[in-house]
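Trainee: Here is my input, please return the structure:
(one chain, ligands or ions: 1)
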Amino acid sequence: MTDNFIWWRDGIIYQIYPRSFADSNGDGVGDLDGITHKLDYLKDLGVDALWLSPIYPSPDVDFGYDVANYLDVDPKFGSLESFDRLVKAAHERGLRIVLDLVLNHTSDQHPWFVESRKSKDNPYRDYYLWRDPQPDGEAPNNWLSIFGGDGWELDPETGQMYFHMFYKEQPDVNWRNPAVRQYMLDVFKFWMERGVDGFRLDVFNAYYKHPDLLDNPPARLRLDPMMLAPFFRQNHINDTDNPDMIPLLNDLRAILDAGGETYAVGETFIGGADVAARYIGRDKLHAAFNFDFLKCGWWGHAFFKAIDKWEKLLDGVDAWPNYVLNNHDNPRSATRYAHGEDDQRLKLAAALLFTLRGTPFIYYGEEIGMRDIPLTRDMVKDPIGKRFWPLMKGRDGCRAPMQWSAEPNAGFSPPHAETWLPVHANYPKRNVLAQQAEPGSLLNWYRRVIALRRQHAALRTGKFVPVTRGTNFVLAYQRQNEDETLLIAFNFSGNRQNLALEDDLASQTWEMLLSSTRSAMVPFSGASLSLEPNEALILRPVK
Ligand code: TEU
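Mentor: You can find the predicted model right below:
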């Protein structure tokens, strides 16, 4: 490892959904002590930081993304003391802690909102976005909730409406109120003083709305299934991405920098890579998520297009890319890409993630290829699924308990407990313990590729140089720094494929560093490199 290793740039960030990682007290819900007990596993995997989905007191309408108190830990997860123990134990192992801050909205149970809704002249009234309905009873403007229906909810108590971008139990706060702004910035300081190393900002680019709450204009018509949803038939220029966000980010960055170097990654709401790119930089966020990989079909050119766009957007600016195959809002990559229980494609996807120029994020269970649990209507917990079943089944599928072992409840909870969501039926075979013992397992592949990334600075900070622009089945690139050049090639098909090499690449002799399908390869030179079915291959020049 070179001396200038920057954990959030060169390291790997592992997302934990605390409800589902490890249950230490047998109530069927994961908790902070559970995470603390698993730190050695995470260290051994080779990750550098843990991002915890929200741990604050919450009535759990949106499972923690509806916060009732920003300065405490929900008793179901533990306490501030168990949080301090987790931070200490993580730091002892060189692992960083990233907290998820949900500051666009609070829970309707947050004391601010409880007060705010009491009367029009309540001191907390202006902490939220309250407006009179129009004379005909219609909402003040055309803004919608991304979770379905109108964004405005009538509160009979005062006859006014409040705005909620998400569920009606998640009222949006008024960031233009200086008291709100100051309090939220103090929330960062509170957790920084407790030793937190970074933050993930939920839907940060929705904090500031247009000051006059203007209507959104209609979106340009596109051939896209998203256009079926009224929300996506609007162009969200007035309820997201308001320019007043930038001075806030400048102030936030000064606070983060003053506490050593505390990291911040923003969850880019609605927008794509181009929107994310706007918010990254020396006086803004360290990173903003690019979710393009979540939408890529299993084609070399689909991934190439996403990578190429991101590389070009960030070229020449002081901003670092990131890549995400999974999170708690989307079907798992194993469910999107793998056939049955076969993990070959998942090995390829991991090799891609860990050999690109950008911070890799992984989501708990991705490393053992957890599949989404199949959902039936009666088990749905996520209100999106409850409301829109069977059109949309919600996000519970990717949030099931971590599969640690073949014990009942997969070692997540004690055997007698009833877990909050069922464990996937494949757990007797697909679990950490089994995969640790199996040299060719997906888990051991993750460990090997992560270790390789750690050994080769070119894989972390080297230039990304495409070899092909991606065909249906083949994708290849080089990672290059002044010390070395690595050649990385992928076969997205179940048949052999040839990769054409030109000029210097063809005259060079290459040797294998790692392959997901073969254990050895004779050093190779020539104009056509043969790739095995589903292979991820990493080569280096023979000196
Ligand atoms: O997600 C924001 C977001 O973009 C989601 O609404 C996404 O469109 C949806 O989940 C797709 O199914 C963040 C959190 O990641 C999510 O878990 C929360 O529900 C949401 O904010 C509200 O806090």
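
Trainee: partners of the closest residue to N216 other than its chain neighbours in the sheet?
Mentor: Leaving out its chain neighbours, the residue that sits closest to N216 by C-beta to C-beta, 6 or more residues apart in numbering is Q234, at 4.1 Å. Yep, even glycine has a C-beta here, placed from its N, CA and C like the rest. Counting by DSSP bridges, Q234 forms beta bridges with P218.

Trainee: Just the pLDDT at Q234, thanks.
Mentor: Q234 is assigned 97 on the pLDDT scale.

Trainee: Next: L201.
Mentor: At L201, the pLDDT recorded in the model is 98.

Trainee: Looks like it contacts L99 (just checking).
Mentor: No - using C-beta atoms under 8 Å, L201 makes no contact with L99, being 10.0 Å away.

Trainee: All the helices of the stretch 151-300 of the chain, residue numbers only.
Mentor: 178-193, 245-258, 273-278, 300-314 (DSSP state H, counting those that start in this stretch).

Trainee: List the contacts of A451.
Mentor: If you count contacts by C-beta atoms under 8 Å, 6 or more residues apart in numbering, A451 has them with G46.

Trainee: And the one 5 residues further on, by the same measure?
Mentor: Contact analysis of H456 by C-beta under 8 Å, 6+ apart lists R479, E484, L486.

Trainee: count of residues packed around I6?
Mentor: 15 (other C-beta atoms under 10 Å).

Trainee: From L39, how far off is it?
Mentor: Distance from I6 to L39, counting by C-beta to C-beta, to the nearest Å: 22 Å.

Trainee: Break the protein down into its structural domains.
Mentor: 7-106+177-450, 463-541 (automatic domain parsing).

Trainee: Could you point out which residue ranges in the protein have low pLDDT?
Mentor: Across the chain, residues meeting the criterion (pLDDT under 70) sit at 1-3.

Trainee: just the residues of the stretch 1-150 of the chain that are near the ligand, which are they?
Mentor: Counting by C-beta under 6 Å from any ligand atom, the stretch 1-150 of the chain comes close to the ligand at D62, Y65, V102, I146.

Trainee: Now, of these, which are buried?
Mentor: D62, Y65, V102, I146 (16 or more other C-beta atoms under 10 Å).

Trainee: How about the residue in the stretch 1-150 of the chain positioned nearest to the ligand, nearest residue that isn't a chain neighbour?
Mentor: As assessed by C-beta to the nearest ligand atom, the ligand sits closest to Y65 within the stretch 1-150 of the chain, at 3.4 Å. With C-beta to C-beta, 6+ apart as the criterion, Y65 has its nearest non-adjacent residue at 5.2 Å, and that residue is V102.

Trainee: The one you found and V67 touch, don't they?
Mentor: Yes - here V102 lies in contact with V67, judged by C-beta under 8 Å, at a distance of 5.2 Å.

Trainee: Which residues are in contact with each of these two?
Mentor: Common neighbours of V102 and V67 (criterion: C-beta under 8 Å, 6+ apart): P54, Y56.

Trainee: Closest residue of the stretch 251-400 of the chain to the ligand?
Mentor: Closest point on the stretch 251-400 of the chain to the ligand, by C-beta to the nearest ligand atom, is D329, at 3.5 Å.

Trainee: What about that residue, how many residues nearby?
Mentor: 14.

Trainee: Please apply the same query to E484.
Mentor: 16.

Trainee: dump the residue contacts of the residue lying closest to it once chain neighbours are set aside.
Mentor: Nearest residue to E484, sequence neighbours excluded (C-beta to C-beta, 6+ apart): A458, at 5.0 Å. When contacts are counted by C-beta under 8 Å, 6+ apart, A458 touches R479, Q480, N481, D483, E484, T485, L486.

Trainee: Let's have those residues in CSV, adding secondary structure.
Mentor: Output for those, formatted as CSV (DSSP: H, G, I helix; E, B strand; the rest coil):
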residue, secondary structure
R479, strand
Q480, strand
N481, coil
D483, coil
E484, coil
T485, strand
L486, strand
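
Trainee: And the residues you listed, which of them are buried?
Mentor: R479, N481, E484, T485, L486.

Trainee: of all these, which two lie farthest apart?
Mentor: The span of the buried ones among the contacts of A458, defined through C-beta to C-beta, is set by N481 and L486 at 9.5 Å.

Trainee: what is in contact with those two at once?
Mentor: Joint contacts of N481 and L486 (C-beta under 8 Å, 6+ apart) are A458, G462.

Trainee: Is it correct that N174 is in contact with Y124?
Mentor: No - with contact defined as C-beta under 8 Å, N174 and Y124 do not form a contacting pair (10.1 Å).

Trainee: what bridges to the nearest residue to L348 once chain neighbours are set aside?
Mentor: Using C-beta to C-beta, 6+ apart and skipping the chain neighbours, the partner closest in space to L348 is A536 (4.4 Å). Assessed by DSSP bridges, A536 has beta-bridge partners F490.

Trainee: And A536, how far from V324?
Mentor: 18 Å.

Trainee: Between the two, which has more neighbouring residues?
Mentor: Counted by other C-beta under 10 Å, A536 and V324 do not tie: A536 has more neighbours, with 28 against 22.
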